[in-house]
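Engineer: Have a look at this prediction, sequence included:
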Amino acid sequence: MFNSNKVTAAILVLFGLAACQTIEGAGRDIEDAGQAISGASQEAQQ
């Protein structure tokens, strides 16, 4: 029989790892969007 506390802890760890991957991906997307905006504004100034 499984200890419910261990199972709960394992599930929380898995969700935490999945959240880290999601946040990292979102950070990259935001960074890419910022670079695109910066590049467009520099082109408009020239």
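Structural biologist: Now that the structure is in, tell me what you want to look at. Computed from a prediction, not measured in an experiment: that's the story for all the values here.
Engineer: tell me, what residue is most central in this protein?
Structural biologist: Ranked by distance to the mean C-alpha position of the chain (C-alpha atoms, centre = their mean), the top residue is Ile23 at 1.4 Å.
Engineer: Quick check: that one vs Thr8, distance?
Structural biologist: For Ile23, the distance to Thr8 (C-beta to C-beta, to the nearest Å) stands at 22 Å. Just so you know, the C-beta spots here come from the backbone N, C-alpha and C atoms, and that holds for glycine as well.
Engineer: try Asp29
Structural biologist: 32 Å.
Engineer: got it, and Ala19?
Structural biologist: Ala19 is 16 Å from Thr8, by C-beta to C-beta.
Engineer: In the protein, where is pLDDT below threshold?
Structural biologist: Low-confidence segments of the chain, defined by pLDDT under 70: 1-2.
Engineer: all helices in it, in order from the N-terminus.
Structural biologist: Secondary structure of the chain (DSSP state H): helices at 4-45.
Engineer: what's the burial count for Ala9?
Structural biologist: 11 (other C-beta atoms under 10 Å).
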